[in-house]
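> Sequence and predicted structure below; questions after.
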Amino acid sequence: MIRYKFENKLDKEFAAVMRTRVNAYFQDNKIQRDANNRMIVKTFLILSMYLIPYFLMISLGFTNLPLLMGLWMIMGIGKAFIGTTIMHDSIHGSYFKKKSMNSVMEFSAAIVGVDRLIWHIQHNVLHHTYTNIEETDEDILPRFVFRYSKNQPHKWFHRFQHIYAPIFYCVPLLEWITTKDFIKAFDYRREGLIKKVDFPKEFAKIVLRKAFYWAVFLVLPVMLIPIPAWITILMIFGSHCITGIMLAMIFQTAHVVEPAEFFEAESEHMKHSWVVHQLRTTCNYGMDNKVLSWFLGGLNYQIEHHLFPDVCHVHYPEISKFVQQTVKEFDLPYYAFPSFGAAVTSHFKHMKEMGSAKDLQVQVA
């Protein structure tokens with residue numbers, strides 16, 4: 001596995017000034033960098049959106065299909081928001097300062113079917129360190145059906161990828177809750193991201209966490225909801241599709257959009273610093289929309305999240321002011337869309353452009 005090195009001697013002054021200003025904000029206002037009371041309240045509300053419909057369905061014996069489908073839809077939405085808020089912050093270690101308390105919140109990954117160790121490696125280690133770098137950032141792997149950048153091979157059917165993308169955006173979550181964690185565990189052991197000496201113990205934990213999810217959120221509903229099992233399974237599938245599409249739109253609009261840059265380094269050394277790399281590969285959106293920020297766990301402030309992943313997302317709106325101020329002073333890029341809709345539109349425009357063969361013709365010429 002390639003481990004890219006950034007020229008961090010560059011932009012040292014920019015990074016220092018930005019961090020000094022952000023640190024001063026927390027110190028001067030006597031604010032902790034982790035979760036506050038608003039985050040605790042949000043946690044209870046979002047967990048309720050996911051768990052209350054579940055307990056209603058398995059305990060009250062509903063047989064009304066539209067009602068059941070509505071409850072599964074609410075669970076799907078709640079699952080997405082658990083992923084963007086509670087799970088995301090806790091696995092980044094930004095929910096609580098104490099590791100023991102933070103580990104409790106990491107259990108939110110288990111109740112949505114994602115293994116916390118595999119997510120940590122793929123998201124925290126690979127995506128955050130090597131954002132939009134081919135073959136290393138697994139979030140932009142083409143997986144044959146998609147072409148995210150000009151560095152990736154073009155197939156004739158990619159011209160339709162902006163049309164069929166929403167269908168395939170259901171797939172990643174279904175992979176996560178079924179086979180992906182097991183496959184990735186072996187991949188990461190081979191790549192040295194999970195130590196071989198620790199692998200048996202860690203793999204056993206993955207199996208137990210996955211078994212818990214299957215037992216509670218698949219087997220119990222099938223057994224206890226008094227309708228045919230195949231209908232319950234279809235409803236569960238529909239719920240996961242809702243979650244998958246929501247998460248895809250939230251994350252894809254941060255990195256797979258028109259302004260964001262993609263890299264295929266010819267060597268292991270990048271020609272710019274890590275902080276500037278994050279600015280060049282990441283986009284914000286809907287920063288003035290407080291409701292959007294609440295539900296998305298501040299992931300519409302992706303720039304701030306990538307620069308300060310150890311800060312709880314409830315602080316992003318404030319620290320974004322210091323990031324923008326510093327970026328402007330040093331004449332560096334800061335990509336932001338005015339709304340979530342504008343970011344989604346840009347994503348599909350980018351997908352349409354990458355699906356065409358025009359850039360290939362230019363390269364040949």
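That came in fine, so what should we check first?
> C-alpha from now on. contacts and neighbour counts both.
Noted.
> what about the strands in the chain?
In the chain, strands defined by DSSP state E lie at 283-285, 335-337, listed in chain order.
> Would you tell me which of the ones you listed gets closest to Gly61?
Closest of the strands of the chain to Gly61 is strand 283-285, at 42.2 Å (criterion: C-alpha to C-alpha).
> And the helix of greatest length in the chain, what's buried?
With secondary structure taken from DSSP state H, the chain has its longest helix at helix 229-255. For helix 229-255, a neighbour-count test (16 or more other C-alpha atoms under 10 Å) marks 232, 235-255 as buried.
> quick one, which of the strands of the chain is packed in tightest?
Mean neighbour count (mean count of other C-alpha atoms under 10 Å) peaks for strand 283-285 among the strands of the chain, with a mean of 26.
> returning to that earlier point: kindly reformat the strands of the chain as JSON lines containing distance to Pro226.
Conversion of the strands of the chain to JSON lines gives the following (distance: least, C-alpha to C-alpha, whole Å):
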{"stretch": "strand 283-285", "distance to Pro226": "43"}
{"stretch": "strand 335-337", "distance to Pro226": "47"}
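> just so I know, which of those strands lies nearest Phe186?
Across the strands of the chain, closest to Phe186 is strand 283-285 (C-alpha to C-alpha), at 32.4 Å.
> what's the burial count for Asn37?
8 (other C-alpha atoms under 10 Å).
> which residues does it contact?
Shown here is Asn37, which makes no contacts under the criterion C-alpha atoms under 8 Å, 6 or more residues apart in numbering.
> quick one: it and Gly355, what's the gap?
In this structure, Asn37 and Gly355 are separated by 45 Å, where distance is defined by C-alpha to C-alpha, to the nearest Å.
> Touching stretch 269-282 from outside, list them.
Residues outside stretch 269-282 that contact it (C-alpha under 8 Å, 6+ apart) are 4-11, 15, 129, 131-132, 254-255, 259-262, 302-303, 306-307, 332-335.
> so how far is it off the chain centroid?
Its chain's C-alpha centre and that of stretch 269-282 lie 19 Å apart, by C-alpha atoms, centre = their mean, to the nearest Å.
> ok so, going back, ok, which of the strands of the chain comes nearest Gln161?
Relative to Gln161, the nearest member of the strands of the chain by C-alpha to C-alpha is strand 283-285, separated by 21.5 Å.
> Each with direction, which strands does the closest one pair with?
Based on DSSP bridges, the pairing partners of strand 283-285 within the sheet are strand 335-337 (parallel).
> the helices in the stretch 151-300 of the chain, which residues?
Applying DSSP state H, counting those that start in this stretch to the stretch 151-300 of the chain gives helices spanning 161-168, 171-175, 181-190, 199-214, 220-224, 229-255, 274-281, 290-296.
> Which elements pack onto the first one?
Read that as helix 161-168. For helix 161-168, the helices and strands in contact under the criterion 3 or more C-alpha pairs under 8 Å, 6 or more residues apart in numbering; DSSP states H and E are helix 340-355.
> Need the nearest residue in space to Lys150, chain neighbours excluded.
Spatial nearest neighbour of Lys150, chain neighbours left out: Met354 (6.7 Å); criterion: C-alpha to C-alpha, 6 or more residues apart in numbering.
> And that neighbour, what's its pLDDT?
In this model, Met354 is scored at 94, pLDDT.
> To what extent is it buried, counted in neighbours?
Applying other C-alpha under 10 Å, we find 24 residues neighbouring Met354.
> residues in contact with Phe81?
The contact partners of Phe81, by C-alpha under 8 Å, 6+ apart, come to 46, 295-297.
> redo that, cut-off 10 Å
Applying C-alpha atoms under 10 Å, 6 or more residues apart in numbering to Phe81 gives the contacts 43, 46-47, 49-50, 75, 87-88, 243, 246-247, 294-297.
> Ok, Asn23 next?
When contacts are counted by C-alpha under 10 Å, 6+ apart, Asn23 is found next to 17, 31, 33, 319.
> Next: Lys205.
Contacts here follow C-alpha under 10 Å, 6+ apart; on that basis Lys205 touches 115, 117, 199, 211.
> so which of those residues is the most crowded?
Highest neighbour count within the contacts of Lys205, by other C-alpha under 10 Å: Asp115, with 25 neighbours.
> so that one makes contact with Ile183?
No: at 11.9 Å, Asp115 and Ile183 do not qualify as touching, with contact defined as C-alpha atoms under 10 Å.
> Now do the longest helix of the chain against helix 274-281, angle only.
Regarding helix 229-255 and helix 274-281, their directions subtend 110 degrees when assessed with axes from the mean of the first three to the mean of the last three C-alpha atoms, to 10 degrees.
> Which residue lies nearest the spatial centre of this structure?
Residue closest to the mean C-alpha point of the chain, counted by C-alpha atoms, centre = their mean, is Phe251 at 5.2 Å.
> so what's that residue closest to, chain neighbours aside?
On the basis of C-alpha to C-alpha, 6+ apart, the spatially nearest residue to Phe251 that is not a chain neighbour turns out to be Leu299, at 7.8 Å.
> next one: Ser103
The shortest distance from Ser103 to any non-neighbouring residue, by C-alpha to C-alpha, 6+ apart, is to Ser90 (7.2 Å).
> again, but for Leu224
For Leu224, the spatially nearest residue (C-alpha to C-alpha, 6+ apart) is Ile58, at 5.4 Å.
> same deal with Ile91?
In space, not counting the residues next to it along the chain, Ile91 is nearest to Glu106; the distance is 5.9 Å by C-alpha to C-alpha, 6+ apart.
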